[in-house]
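**Q** Below are the sequence and a predicted model for it; my questions follow.
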Amino acid sequence: MTGTRLDPWVDSYAARTQGMTASEIRALFAVASRPEVVSLAGGMPFVQALPMEQIAATVSRLLTERGATALQYGSGQGDVVLREQILQVMADVKVNAHPDDIVVTTGSQMALDLVTRVFCDPGDVVLVEAPSYVGALGVFRAYQADVVHVAMDDQGLNPVALAEAIAAVRSSGRTPKMIYTIPSFHNPAGVTQGPERRTEILTIAQREGILLLEDDPYGLLGFDGEPPRAIRADDDQGVIYLGSFSKTIASGLRVGWAVAPHGVREKLVLAAESAVLCPSNFAQMTVSDYLATQPWREQIKVFRELYRDRRDALLGAMDQLMPAGTTWTVPAGGFYSWITLPQGLDSKAMLPRAIAALVAYVPGTGFFVDGQGRQQLRLSYCYPDTDRIREGVRRLAAVIESELDLAHTFGTTHALADSIGQVNPAPDIA
Amino acid sequence: MSLSVVVLAGGLSAERDVSLRSGRRVAEALRAVAPDFEVIESDLDGRLLQQFADQAPDCVIPLLHGAAGEDGALRDVLDCAGITFVGASGEAARLAFDKPVAKTLVASAGIATPASVALPHSMFRELGAAAVLDVIAEHLGFPLIVKPTKGGSALGASIVHNAEEFPAAMVGAFAYCDVALMERAVIGTEVSISVIDTVDGPIALPSVQINAPGGMYDYNARYTAGTTEFFVPARIDTDLSEAASAVAITAHVSLGLRHWSRTDMIIDADGVCWFLETNVAPGMTETSLFPQSLAASGFSLGEVAADLVRLAVSGR
């Protein structure tokens, strides 16, 4: 007699769906959305700071004057006017390109998906930072790429470790296809590559003939000085640059882009057409109209100042309240600080206790594919206001104190591996 | 009879997500079979009591899983506010939700339950964890199950095969609750039996046998469709099936439960039904056990929920 498994297709799924399962961590994140919880987990931009009335006017004008175009299919490569405007945005990070080099995508997440689809066969190696963006890891895994983490330091991706990792991959008979890096205001590590570091990494990629995938959603959100010069500014053939309006305008519009060498761009457009036919005309034209009619650089300045205040609140509260042995990175821009807990603590096992104390974070293991990151966690300061951030740190510090007590009692805070489950955050958390 | 019914789901427990899915499913099932009901879905928050004062619902269905929803607290508040609800009273829910208390009560009604010890973190701190774990391991033997004394969905539960795994399992349980239950693992067939009240008294629905991967019916195995194999009714002979049903009804009655409950047990090779726990707000998601039992019995979730609303409103 055969029972039921409540899913008649369970034996039909592709191998790549392995690991797509329910998890306690996702269940706990469901609580994090409640207002009682101070969520230092989500990477949601503070879109409330946008000029909503002006955006409403933009959308209204768009529909009234060009509705038949906005609500129709568009080009697979993306709206040509927007692509020209993207050149102006990228000028701030010194990327010089032609509008034809750009493929507009449904958020830069889709660009990540397209690039991986075009380049990676199952088993190909993608070299990523340790830790790396959880959404990128999900894409690489979905295409069954073999993800290899490379150590970072306070200047980001470590070039010595990168060269060693490439050699190790090659000597194991595997093919390193891409180096994926977030050079500016890293998610989740909160560090930024300096100019020399960028040159070193690019030199290695060029010498080894490995494509460099530069993900730069936060590049314009530095708190001091000029935006960092993109790696793509120094190589238009060996680097694919990913940009996004999610943090500089609005994540809900889902508009990002890729800048790629000619041959690659052709393939990305074909892949995009097979995936979604075309990006949303409505969203693209909304962004385009916003860029044309609103002081968008001033708005980015508003965001920068807001996020700087929130970063300062986070760092100040941690200085004051965190138990001894806790360390963290000091971000010069972006949304995140990367916390290392006192020796022996486990951020994943601690999460239920944090949620019960009404504070949320993302355990470090979510940013690795190989189980690293148990002693680390990511805190985001982009969404809660400064008072809430301070309250969140106060709650978290108390949780860490009680976890130290547990560690003292049992000599460990590592729960049995199968009792907590995989970390696979939803979009509002990633 | 036209009735306004509030389905209460969500809350702040670690089972919020499961609860929201349960609530949505029951609300939709009710709307499908009882067009004369006005069904409102609500979360547990600071506006709820005012909402009740404004709407004066005829009945509330609390589908909050975990603390607040199942520990009796919310039910006591509903009682104080004079609001009729489906499910166990606050007092009964409090007894059932605390696993060691429930085990004691059900055992005193003559039902077997695995030997266990429940201890707070402070006891390990004061006596030294290693020494306490040694004593417990000697007393209960391996394998054993460690779980929070309060809570559901197997959150924080682990199976411990040896002394090396014991401390980590304790840490996992203490992440969810300050008191952990260590229970001798019974090897056998995992069976769950749902009970519903009718005008003629409680009846047991068809049993569900759970074949979880690796024998651990954990969160992933519960809520990822396709992971666990279920048999409804369980593949046990008729005598055992009747004995298991009797255990579920005895648990329902001895804990003083009302309207619906779900009892989990293990049947060992000798045919002994070992009581593990009873849930006063059974999960109602697509992969939950209670709806599977209902489907096998020929009842529909909506009809049963509507009947229980009418039963509650009639004061029974």
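**A** Okay, I see it. Numbers count the residues shown, from 1 in each chain, chains lettered A, B, ... in the order given.
**Q** Domains in the chain, by residue range?
**A** With no chain named, the answer covers chain A. A:21-49+A:298-419, A:52-293 (automatic domain parsing).
**Q** Hmm, no, I was thinking of chain B.
**A** Split by automatic domain parsing, chain B gives B:3-87, B:96-112+B:187-298, B:116-184.
**Q** Out of the domains of chain A, which gets the lowest mean score?
**A** Looking over the domains of chain A, mean pLDDT reaches its minimum on domain A:21-49+A:298-419, with a mean of 92.
**Q** Give the other helices and strands that the host helix or strand of B:Ala107 contacts.
**A** Using DSSP states H and E, the element containing B:Ala107 is helix B:99-108. Helices and strands touching helix B:99-108, by 3 or more CB pairs under 8 Å, 6 or more residues apart in numbering or on different chains; DSSP states H and E, are helix B:90-97, strand B:116-120, helix B:238-254, strand B:273-279. Placement of C-beta: from N, CA and C, glycine included.
**Q** ranking the ones you listed by burial, who's on top?
**A** strand B:273-279 (a mean of 24; mean count of other CB atoms under 10 Å in any protein chain shown).
**Q** Can you give me the buried ones in the next helix or strand after it?
**A** Sequence order places helix B:289-297 as the next helix or strand after strand B:273-279, per DSSP H and E. By neighbour count on 16 or more other CB atoms under 10 Å in any protein chain shown, the buried set for helix B:289-297 is B:289-294, B:296-297.
**Q** what angle do helix B:289-297 and strand B:273-279 make?
**A** Here the directions of helix B:289-297 and strand B:273-279 differ by 110 degrees (axes from the mean of the first three to the mean of the last three CA atoms, to 10 degrees).
**Q** what about the helix or strand following helix B:289-297 and chain A, touching?
**A** Helices and strands here follow DSSP H and E; after helix B:289-297, the next one along the chain is helix B:301-313. No - using CB under 8 Å from any CB of the partner chain, we find that helix B:301-313 stays clear of chain A, coming within 14.8 Å at best.
**Q** now helix B:301-313 against helix B:289-297, angle please.
**A** If you take the same axes, to 10 degrees, helix B:301-313 sits at 110 degrees to helix B:289-297.
**Q** Sort out which residues of helix B:301-313 are buried, please.
**A** For helix B:301-313, by 16+ other CB under 10 Å, it's B:301-312.
**Q** Rounded mean pLDDT for that helix, please.
**A** Rounded mean pLDDT across helix B:301-313 is 95.
**Q** Now do the residue nearest to B:Gly110 when sequence neighbours are not counted against chain A, distance only.
**A** Distances taken as CB to CB, 6 or more residues apart in numbering or on different chains put B:Thr250 closest to B:Gly110, at 7.4 Å, once the chain neighbours are dropped. According to CB to the nearest CB, to the nearest Å, B:Thr250 and chain A sit 26 Å apart.
**Q** can you tell me which residues contact B:Thr250?
**A** For B:Thr250, the contact set (CB atoms under 8 Å, 6 or more residues apart in numbering or on different chains) comprises B:106, B:109-111.
**Q** Could you show which parts of the stretch 1-150 of chain B are in contact with chain A?
**A** Residues of the stretch 1-150 of chain B lying near chain A (CB under 8 Å from any CB): B:12-18, B:20, B:45, B:121, B:124-125, B:129-130.
**Q** From A:Leu213, how far off is the residue positioned nearest the centre of chain A?
**A** Central residue of chain A (CA atoms, centre = their mean): A:Tyr133, 4.5 Å from the mean position. Applying CB to CB, to the nearest Å, the value for A:Tyr133 to A:Leu213 is 11 Å.
**Q** Same question for B:Gly156.
**A** Taken as CB to CB, the span from B:Gly156 to A:Leu213 is 39 Å.
**Q** Please apply the same query to B:Met216.
**A** 39 Å.
**Q** Between those two, which is the more surrounded one?
**A** Taking other CB atoms under 10 Å in any protein chain shown, B:Met216 and A:Leu213 do not tie; A:Leu213 has more neighbours (27 against 17).
**Q** what's the next secondary structure element after the strand or helix carrying the more buried one?
**A** Using DSSP H and E, A:Leu213 sits in strand A:211-215. The element immediately downstream of strand A:211-215 (helix or strand, assigned by DSSP H and E) is strand A:239-244.
**Q** who does that following strand pair up with?
**A** strand A:211-215 (parallel), strand A:256-259 (antiparallel) (DSSP bridges).
**Q** Point out the most buried one among those strands.
**A** strand A:256-259 (a mean of 27).
**Q** What are the contacting residues of the helix or strand following that one?
**A** Next helix or strand after strand A:256-259 toward the C-terminus (DSSP H and E): helix A:262-276. Contact with helix A:262-276 is made by A:76-77, A:100-103, A:105-106, A:110-111, A:113-115, A:117-118, A:240, A:258, A:260, A:278-279, as judged by CB under 8 Å, 6+ apart.
**Q** can you check stretch B:218-230 too?
**A** For stretch B:218-230, using CB under 8 Å, 6+ apart, the contacting residues are A:2-7, A:9-10, A:13, A:21-24, A:27, A:418-419, A:421, B:18, B:153-155, B:157, B:208-213, B:217, B:283, B:285-289, B:292.
**Q** 7 Å instead, please
**A** By CB atoms under 7 Å, 6 or more residues apart in numbering or on different chains, the residues outside stretch B:218-230 that reach it are A:3-7, A:10, A:21-24, A:27, A:418, A:421, B:18, B:153-155, B:157, B:208-213, B:217, B:285-287, B:292.
**Q** Drop anything exposed from those residues.
**A** A:3-6, A:21-24, A:27, A:421, B:18, B:153-155, B:157, B:208-212, B:217, B:285, B:287, B:292.
**Q** what ranges do the strands span in the stretch 101-250 of chain B?
**A** Here the stretch 101-250 of chain B has its strands, by DSSP state E, counting those that start in this stretch, at B:116-120, B:144-148, B:158-160, B:179-184, B:188-198, B:201-204, B:208-211, B:229-231.
**Q** Revised request: answer the last question for chain A.
**A** A:38-39, A:102-105, A:125-130, A:146-153, A:156-157, A:176-181, A:211-215, A:239-244, A:256-259, A:327-328, A:336-340, A:359-360, A:362-363, A:376-380 (DSSP state E).
**Q** Among the ones you listed, which comes closest to B:His259?
**A** strand A:359-360 (34.4 Å; CB to CB).
**Q** Let's see the pLDDT reported for the closest residue to chain A within the stretch 1-150 of chain B.
**A** When distances are taken as CB to the nearest CB, the stretch 1-150 of chain B reaches nearest to chain A at B:Asp17, 3.7 Å away. Looking at B:Asp17, its pLDDT reads 89.
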